[in-house]
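Engineer: Below are the sequence and a predicted model for it; my questions follow.
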Amino acid sequence: MKLFLLNQKHTLAILRTHERYNFITSLLIPASKFSFRCLQTIEISQNPYKEPFSSATTLPDSLLVEKIVFNLKHGNVNSLLSYQLRLNPSVIVDVLCRCNGDLQLGQRFIDSLVLRGTNFKHSSVSLSAMIHVFVRSRRLSDAQALILRMIRRSGVSRVEVVEALVSSTCGNCGTNNLVFDLLIRTYVQARKLREGTEAFRILRSKAYFVSINACNSLLGGLVKIGWIELAWEVHREIVKSGIELNVYTLNIMVNALCKDGKFGDVKSFLSEMEGNGVYADMVTYNTLIGAYCREGLLEEAFEIMNSMADKGLKPSLFTYNAIINGLCKKGRYARAKEILIEMLNVGLSPDTTTYNTLLVESCRRDNLSEAEQIFGEMLRQGVAPDLVSFSSLIAVFSRSRHLDQAMVYFRDMKKFGLVPDNVIYTVLMHGYCRNGNVVGHVSEAFRLWDVMIEKGIKPTLVTCNTVIKGYCRSGDSSKADEFLGRMIAKGVAPDHISYNTLINGLLREDNTDKAFLWINKMEKDGLLPDIITYNVVMNGFCRQGRMQEAELVLRKMIEKGINPDRSTYTALINGHVTQDNLNEAFRFHDEMLQRGFVPDDVF
């Protein structure tokens, strides 16, 4: 009996020593050979998932890796949670390598244990190991999220990022080049273009493959933000490295030439690309035509358009829209209408952009009948109008004081499922406030304000200024005063228009003291009075016949470095004429002429 107990103790000591080196072996020793329970020191169950230790924290890293892999392979995910606090970057990398390319096992480990530890501090290598698993599993969005996490870590260089992605692959798994593509794309999407360029150069210097698609992503990102010179540097490096270019590369770099205004270099670049077997396509021609039209080079745009047939290409809807837009910007509206007819004749259907371009131009010309004709044609063709369509119409009819018709279009928006935005409300309110002398118009502007606020549409500063103008136009500057105070209290910073409108309204109602309080407030808030402020104040004094004060304001204005303009002199001349101070009136009249201003016929 004593010998038996001795043997048991000896065996237990051997087992404990052996556990340090081979945890799996310790699990496989049959419990039936020992009567551990009678010793009441440690319990090893025949259940392989039952913890043989009081806590996972007593395990060395090597044994922890074995334990995690064993439980992963046997599908016992719940038991893994007890190891979460023991995880470190080294353990994560070792576990993923021990998964021997079993992607399901690796994903199970990451999903069930690693990503649940929100406060866990990863190294670049542990993140990279997980990235490789996700990429090989085609979970690219998850991989990209981890790449983004890695490149946003403070103090991590591009060299470290690349080295981590290379070194974190297990020998039997290999390096997936898609990881490097994803790295470049992530830098671009995170708007870290300079870092992306550096990573690209490091990868190329180490002879790692980067696809032309990733290169195009980098080139496109650089061109988009206007880093044209750097884009050409990268392009030259791509060509030098032997990466096969494609039509997307061509179109990106044609766009770069256009953005840089180097239209003269386009032809030679296209010839160079043709030498590499890459030919211009519809996108190339549309890019060139659009760029020429934006620059007002319409003859060149038409030349490119007419040459498309030689390449077996037909102008598209985009082509015609670019031409129509270019013509409208140059004021050649009649020619733009001809292009629309030509477009219809070749079987292309105009879209919302086509009609909006013509609509905006006709509204800019205040041609109401033409605007209505274009809008009607748009509807007859089955093209749905959008906010631009309605805001253009509402603006032109409001500006022309046809407010009833403007409101018809405002109400029609609902039929097309469109919700008016703050721009449309502001345009309408401004129209009603301009007609402040018409009974009921200003009150309609305030009604629209109430509707706007009720619908949760946030007013802009322009909207607020329109309300101030409405109160002042209706002779209620005290309410304008109150409204501006509420504006400031709600954190909306007034501009010169806000202050000048209110000051003008107060002075028109002879509320000079209040007007000067707002001028002081304006200066206190760091918004210095401008020429309009001074003219408003001078106008106020001149209307009241207070010419000495008006001239004091003039002197102060000049001392502040603000030169009088035509409105300044007109106010002073009118003020002196009203007071029968003709000598002073003629003095300012002569000074006005000397400064090159043409006076009103006030005499």
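Structural biologist: That came through fine.
Engineer: Could you use CA atoms for every contact and neighbour count after this?
Structural biologist: Fine.
Engineer: Quick check: buried residues in whichever strand or helix holds Arg194?
Structural biologist: For Arg194, the host element (DSSP states H and E) is helix 193-205. Within helix 193-205, the residues that count as buried by 16 or more other C-alpha atoms under 10 Å are Leu193, Glu195, Gly196, Thr197, Ala199, Phe200, Arg201, Ile202, Leu203.
Engineer: so which of those residues comes closest to Leu552?
Structural biologist: Ranked by distance to Leu552 (C-alpha to C-alpha), the buried residues of helix 193-205 are led by Leu193 at 56.7 Å.
Engineer: Name the residues that touch the host helix or strand of Glu523?
Structural biologist: Assigned by DSSP H and E, Glu523 belongs to helix 512-524. Applying C-alpha atoms under 8 Å, 6 or more residues apart in numbering, the contact partners of helix 512-524 are Tyr499, Leu502, Ile503, Asn504, Leu506, Leu507, Leu528, Pro529.
Engineer: Tabulate these in a markdown table, adding columns for distance to His576.
Structural biologist: Converted to a markdown table, the contacts of helix 512-524 look like this (distance: C-alpha to C-alpha, whole Å):
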| residue | distance to His576 |
| --- | --- |
| Tyr499 | 27 |
| Leu502 | 25 |
| Ile503 | 22 |
| Asn504 | 20 |
| Leu506 | 22 |
| Leu507 | 18 |
| Leu528 | 28 |
| Pro529 | 24 |
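Engineer: Restricted to helices, list those.
Structural biologist: Using DSSP state H, the subset of these located in helices is Tyr499, Leu502, Ile503, Asn504, Leu506, Leu507.
Engineer: Following the chain onward from the helix holding Arg194, which element is next?
Structural biologist: Sequence-wise, the next helix or strand downstream of helix 193-205 (DSSP H and E) is helix 212-224.
Engineer: Could you identify the helix or strand that succeeds the worst-scoring helix or strand of the chain on mean pLDDT?
Structural biologist: The weakest-scoring helix or strand in the chain, judged by mean pLDDT, DSSP states H and E, is helix 36-39 (a mean of 29). As assigned by DSSP H and E, the chain's next helix or strand after helix 36-39 is helix 61-73.
Engineer: In terms of secondary structure, what does that next one contact?
Structural biologist: Secondary-structure packing of helix 61-73 (3 or more C-alpha pairs under 8 Å, 6 or more residues apart in numbering; DSSP states H and E): helix 23-28, helix 89-98, helix 103-109.
Engineer: want to try CSV for the contacts of helix 512-524, with pLDDT as columns?
Structural biologist: What follows is the contacts of helix 512-524, written out as CSV (pLDDT from 0 to 100):
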residue, pLDDT
Tyr499, 95
Leu502, 95
Ile503, 95
Asn504, 94
Leu506, 94
Leu507, 93
Leu528, 92
Pro529, 92
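Engineer: Using PyMOL, define a selection of the buried residues within those.
Structural biologist: Of the contacts of helix 512-524, the buried ones go into a single PyMOL selection, burial set by 16+ other C-alpha under 10 Å:
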select buried, resi 499+502+503+504+506+507+529
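Engineer: Using CSV, list the CA coordinates for the helix holding Arg194.
Structural biologist: The C-alpha coordinates for helix 193-205 follow below in CSV (Å, rounded to 0.1, in the frame of the first residue of the first chain):
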residue,chain,number,x,y,z
LEU,A,193,-1.9,59.3,-50.1
ARG,A,194,1.7,60.3,-49.2
GLU,A,195,1.9,57.2,-46.9
GLY,A,196,0.4,55.0,-49.6
THR,A,197,3.0,56.2,-52.1
GLU,A,198,5.8,55.4,-49.6
ALA,A,199,4.3,51.9,-48.9
PHE,A,200,4.2,51.3,-52.7
ARG,A,201,7.8,52.3,-53.1
ILE,A,202,8.9,50.0,-50.2
LEU,A,203,7.0,47.1,-51.7
ARG,A,204,8.6,47.6,-55.1
SER,A,205,12.1,48.0,-53.6
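Engineer: Tell me what angle that helix forms with helix 212-224.
Structural biologist: With axes from the mean of the first three to the mean of the last three C-alpha atoms, to 10 degrees defining the directions, helix 193-205 sits at 150 degrees from helix 212-224.
Engineer: Which residues are in contact with Phe588?
Structural biologist: Residues near Phe588 by C-alpha under 8 Å, 6+ apart: Tyr569, Leu572, Ile573.
Engineer: Quick check: which element contains it?
Structural biologist: Here Phe588 sits within helix 582-594, counting by DSSP H and E.
Engineer: circling back to that earlier point, on contacts alone, who are the packing partners of the helix holding Arg194?
Structural biologist: helix 158-167, helix 177-189, helix 212-224.
Engineer: Report the inter-axis angle for it versus helix 177-189.
Structural biologist: 160 degrees.
Engineer: switch to numbering from 18
Structural biologist: OK, 18 is where the count begins now, so the last one is helix 210-222.
Engineer: Pick out the most distant pair among the ones in helices among the contacts of helix 529-541.
Structural biologist: Once C-alpha to C-alpha is applied, those give Tyr516 and Leu524 as the farthest pair, at 12.1 Å.
Engineer: wait, what's in contact with Glu212?
Structural biologist: Residues near Glu212 by C-alpha under 8 Å, 6+ apart: Arg175, Tyr204.
Engineer: Look up how far Gly172 lies from it.
Structural biologist: 13 Å (C-alpha to C-alpha, to the nearest Å).
Engineer: Gly473 now?
Structural biologist: Distance of Gly473 to Gly172, given as C-alpha to C-alpha: 44 Å.
Engineer: now Lys431
Structural biologist: From Lys431 to Gly172 the distance is 54 Å (C-alpha to C-alpha).
Engineer: before we move on, what about Lys541?
Structural biologist: Taking C-alpha to C-alpha as the measure, Lys541 falls 43 Å from Gly172.
Engineer: Also Asp383?
Structural biologist: Distance from Asp383 to Gly172, by C-alpha to C-alpha: 59 Å.
Engineer: Look at those two and report which has more neighbours.
Structural biologist: A count of neighbours by other C-alpha atoms under 10 Å puts Asp383 above the other of Asp383 and Gly172, at 17 against 8.
Engineer: Settle this for me: the more buried one is touching Ala412, isn't it.
Structural biologist: No - applying C-alpha atoms under 8 Å, one finds Asp383 not in contact with Ala412, separated by 9.7 Å.
Engineer: where do the contact lists of those two overlap?
Structural biologist: Listed contacts common to Asp383 and Ala412 are nil; contacts here mean C-alpha under 8 Å, 6+ apart.
Engineer: which one is the spatially most central residue of the chain nearest to, not counting chain neighbours?
Structural biologist: The centre of the chain sits closest to Arg208, judged by C-alpha atoms, centre = their mean, with a distance of 10.8 Å. Excluding the flanking residues, the one nearest Arg208 by C-alpha to C-alpha, 6 or more residues apart in numbering is Gly238, at 7.8 Å.
Engineer: Low-confidence stretches in the stretch 118-267 of the chain?
Structural biologist: 130-136, 185-192 (pLDDT under 70).
Engineer: Which two among the buried residues of helix 210-222 are spaced furthest apart?
Structural biologist: Going by C-alpha to C-alpha, the pair spanning the buried residues of helix 210-222 furthest: Leu210 and Leu220, at 15.2 Å.
Engineer: can you pull the contacts of Phe500?
Structural biologist: Ile485.
Engineer: how far away is it from Phe533?
Structural biologist: Distance of Phe500 to Phe533, given as C-alpha to C-alpha: 17 Å.
Engineer: same question, Lys223
Structural biologist: Taking C-alpha to C-alpha as the measure, Lys223 falls 71 Å from Phe533.
Engineer: Neighbour count: these two, which is higher?
Structural biologist: Between Lys223 and Phe533, Phe533 has the larger neighbour count (other C-alpha under 10 Å), namely 15 against 10.
Engineer: In contact with Asn580: list those residues for me.
Structural biologist: Asn580 sits next to Ile548, Met574 when contact means C-alpha under 8 Å, 6+ apart.
Engineer: three-state assignment of it?
Structural biologist: Using DSSP: H, G, I helix; E, B strand; the rest coil as the criterion, the local structure at Asn580 reads coil.
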